[in-house]
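Engineer: 3D, please:
(one chain, ligands or ions: 2)
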Amino acid sequence: MGIPTLSVRPGHPDFLDLPWETSVADWSGGRVVELPTGVHRHAIVFVSYDEGIYAIKELPRHLAHHEYDSLRILQERLRAIAPPVGVVERGWVAPDEEWSSAVITEYVPFTFTYRELIRGGGFGDRRDQMLDAFAGLLVEMHLAGGYWGDCSLSNVLYRYDAGTVDAIMIDAETVEVRDHLSDGQRRHDLDIMETNVAGGMADIAISQGRDLDDADLALGTDVISRYQALWDELTVDPVIAADERYRIRARINRLNDLGFEVGDVTLIPDESGGNRLRMSVNVGGRNYHSSRLYRLARIEASEHQARQILSDLHYHSAREPFSSAESRDLMAMMWRVQIFEPLLQRVRADVPQREPVQAYADFLHHRFLMSSVQGRDVGSAEAYIHWVDEDFPGYDPADAVEPPV
Ligand SMILES: Nc1ncnc2c1ncn2[C@@H]1O[C@H](COP(=O)(O)OP(=O)(O)O)[C@@H](O)[C@H]1O
Ligand SMILES: [Mg+2]
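Structural biologist: Ligands and ions are numbered 1, 2, ... in the order given. All right, here's what the predicted structure looks like:
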């Protein structure tokens with residue numbers, strides 16, 4: 001008794017030094033770190049290693065394996081998901097006991113739960129962004145062939161992402177991954193989400209001592225209409241006239257703007273005849289900007305961050321327009337070495353409490369706002385001092401660590 005069976009992916013600790021002989025609910029001290037969690041059923045604990053922080057969630061054996069396997073398959077198909085690290089079996093505990101097994105995921109940093117976002121009634125400016133992100137995640141999930149089974153506001157973490165909100169999937173206990181979902185399965189998943197969201201809003205109203213009549217029980221219905229609008233845009237194939245081929249480019253641009261990669265575009269003569277074509281596109285993952293930034297400059301960033309950082313690359317390249325694909329690639333690398341890296345280093349030193357790439361994206365946004373307000377191109381040096389001053393009061397620019405250029 002006492003030594004579990006552990007399967008862990010490479011690049012992580014072996015977790016053997018943890019006190020597996022007791023339930024995680026009883027762990028404290030040592031590697032355990034106290035971090036806030038959302039509403040949940042199972043015992044969960046966070047542990048810290050040199051490699052990073054991990055979440056360990058206890059479940060009966062078949063559920064643990066199901067969740068771990070689902071996360072692994074989905075990780076290949078979804079952009080925003082808690083990365084699965086390992087699964088643990090306590091062989092001496094009956095398999096249907098809550099604490100017989102556990103799933104380990106990488107802790108997703110810089111996130112908050114929907115309760116923190118909603119706190120104080122209303123969601124202010126963030127309401128639309130959060131609901132769009134939540135609906136968008138469900139669309140991505142369905143495009144990837146995943147039936148969630150228990151989609152709720154508390155099974156998602158939220159992260160500020162370059163001025164908007166990103167939704168990250170964490171709880172895959174009920175997920176079933178297929179090649180393709182039928183409309184009925186999608187509908188069913190949306191029904192579950194609608195009920196869960198109403199329940200979540202009722203819980204909040206009760207915990208705030210408000211009347212149930214005040215609870216926003218129709219919030220899930222709002223999410224469904226956001227879901228439907230995006231789903232239609234991605235999957236309803238328009239019919240175009242033969243002389244409207246510009247609409248092909250327009251649709252691809254629109255999908256890229258929404259962040260989706262586009263694979264093959266297929267044009268099929270429409271049954272209605274009359275020289276008309278049905279345009280069907282193969283929509284890929286929602287990582288158009290992040291994979292483009294990676295291809296060009298080998299920088300890893302989230303989709304929204306990448307969109308802003310790419311605009312910085314364009315801003316600088318606009319001064320020296322490139323003539324060929326080769327010089328465009330060279331320009332991207334020069335921008336990275338001469339502009340991006342030194343500034344990122346400076347951000348790391350000046351505002352260590354922030355995730356650096358996100359802070360970089362925030363700075364770019366600040367520079368853009370300053371330039372719009374002043375009606376002139378405010379340079380990076382001036383905008384940087386202003387940004388740190390305004391967003392991080394108490395900071396003295398004289399303390400700035402000069403970038404090693
Ligand atoms: N990888 C993770 N990173 C950050 N927080 C996490 C992670 N996994 C779980 N959590 C936190 O723990 C809570 C419960 O996780 P969840 O998987 O939904 O458990 P349950 O199956 O009990 O509902 C989440 O709301 C979240 O706050
Ligand atoms: Mg959950």
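Engineer: How about the residues of the chain by ligand 2?
Structural biologist: Applying C-beta under 5 Å from the ion, we find that the chain lies next to ligand 2 at 40, 155, 171. Using the backbone N, CA and C atoms, a C-beta is placed for each residue, glycine as well.
Engineer: quick one: secondary structure of the last one?
Structural biologist: If I follow you right, that is residue 171. Assigned by DSSP: H, G, I helix; E, B strand; the rest coil, the conformation of residue 171 is coil.
Engineer: Please apply the same query to the first one.
Structural biologist: Residue 40 carries the three-state label coil when classified by three-state DSSP.
Engineer: Surely it is in contact with residue 154?
Structural biologist: Yes: with contact defined as C-beta atoms under 8 Å, residue 40 reaches residue 154; the gap is 7.1 Å.
Engineer: now residue 101: how far from ligand 2?
Structural biologist: Distance of residue 101 to ligand 2, computed by C-beta to the ion, to the nearest Å: 16 Å.
Engineer: who's in contact with the nearest residue to residue 390 once chain neighbours are set aside?
Structural biologist: Counting by C-beta to C-beta, 6 or more residues apart in numbering, residue 366 is the residue found nearest to residue 390 once chain neighbours are left out, at 7.6 Å. Residues near residue 366 by C-beta atoms under 8 Å, 6 or more residues apart in numbering: 383, 386, 387, 390, 391.
Engineer: so what pLDDT did the second one get?
Structural biologist: Right, the one you point to is residue 386. pLDDT for residue 386: 92.
Engineer: what ranges do the helices span in the stretch 151-300 of the chain?
Structural biologist: For the stretch 151-300 of the chain, the helices defined by DSSP state H, counting those that start in this stretch occupy 183-207, 219-235, 246-257, 288-297.
Engineer: Same question for the longest one: list its buried residues.
Structural biologist: Translated: helix 183-207. Across helix 183-207, burial judged by 16 or more other C-beta atoms under 10 Å covers 185-186, 189-190, 192-194, 196-201, 204-205.
Engineer: again with the third one
Structural biologist: Of the residues in helix 246-257, those buried by neighbour count under the rule 16+ other C-beta under 10 Å are 248, 251, 252, 255.
Engineer: Of those, which one scores lowest on pLDDT?
Structural biologist: Lowest pLDDT within the buried residues of helix 246-257 is found at residue 248 (86).
Engineer: Tell me who's in contact with that residue.
Structural biologist: Applying C-beta under 8 Å, 6+ apart, we find residue 248 in contact with 240, 265, 267, 279.
Engineer: The second one and residue 247: what is the separation?
Structural biologist: With distances taken as C-beta to C-beta, to the nearest Å, residue 265 is found 11 Å from residue 247.
Engineer: do the last one as well
Structural biologist: Relative to residue 247, residue 279 is positioned 7 Å away (criterion: C-beta to C-beta).
Engineer: how deep is the closest residue in space to residue 269 that isn't next to it in sequence tucked in, by neighbour count?
Structural biologist: In space, and not counting its chain neighbours, residue 269 is closest to residue 277: 6.3 Å by C-beta to C-beta, 6+ apart. When neighbours are defined as other C-beta atoms under 10 Å, residue 277 has 20 of them.
Engineer: First-to-last residue distance for stretch 333-352?
Structural biologist: Stretch 333-352 has an end-to-end distance of 25 Å (criterion: C-alpha to C-alpha, to the nearest Å).
Engineer: quick revisit: which residues are common contacts for residue 279 and residue 247?
Structural biologist: Joint contacts of residue 279 and residue 247 (C-beta under 8 Å, 6+ apart) are 238, 240.
Engineer: Which residues are in contact with the closest residue to residue 198 other than its chain neighbours?
Structural biologist: Nearest residue to residue 198 in three dimensions, chain neighbours excluded: residue 217, at 4.5 Å (C-beta to C-beta, 6+ apart). Going by C-beta under 8 Å, 6+ apart, residue 217 touches 198, 201, 202.
Engineer: try 10 Å
Structural biologist: Going by C-beta atoms under 10 Å, 6 or more residues apart in numbering, residue 217 touches 194, 195, 197, 198, 199, 200, 201, 202, 205.
Engineer: quick check: domain ranges of the chain?
Structural biologist: For the chain, automatic domain parsing gives the domain ranges 5-106, 114-233, 239-283, 301-399.
Engineer: Can you give the distance of the last one from its chain's centre?
Structural biologist: The reference is to domain 301-399. Remark: domain 301-399 is offset 22 Å from the chain centroid, using C-alpha atoms, centre = their mean, to the nearest Å.
Engineer: what about residue 138, which helix or strand?
Structural biologist: Secondary structure assignment for residue 138, by DSSP states H and E: helix 126-143.
Engineer: Hmm, residue 359 is touching residue 350, no?
Structural biologist: Yes: counting by C-beta atoms under 10 Å, residue 359 does reach residue 350; the two are 8.8 Å apart.
Engineer: Give me the more crowded residue out of the two.
Structural biologist: Neighbour tally, residue 359 and residue 350, criterion other C-beta under 10 Å: the higher count belongs to residue 359, 21 against 18.
Engineer: What is the burial count for the closest residue in space to the more buried one that isn't next to it in sequence?
Structural biologist: Among residues not flanking residue 359 along the chain, residue 347 sits closest, at 4.8 Å (C-beta to C-beta, 6+ apart). For residue 347, the neighbour count with other C-beta under 10 Å is 23.
Engineer: Equivalent analysis for the one 5 residues further on, please.
Structural biologist: Residue crowding around residue 352 was assessed by other C-beta under 10 Å; the count is 9.
Engineer: where's it, which helix or strand?
Structural biologist: Applying DSSP H and E, one finds residue 352 in no helix or strand.
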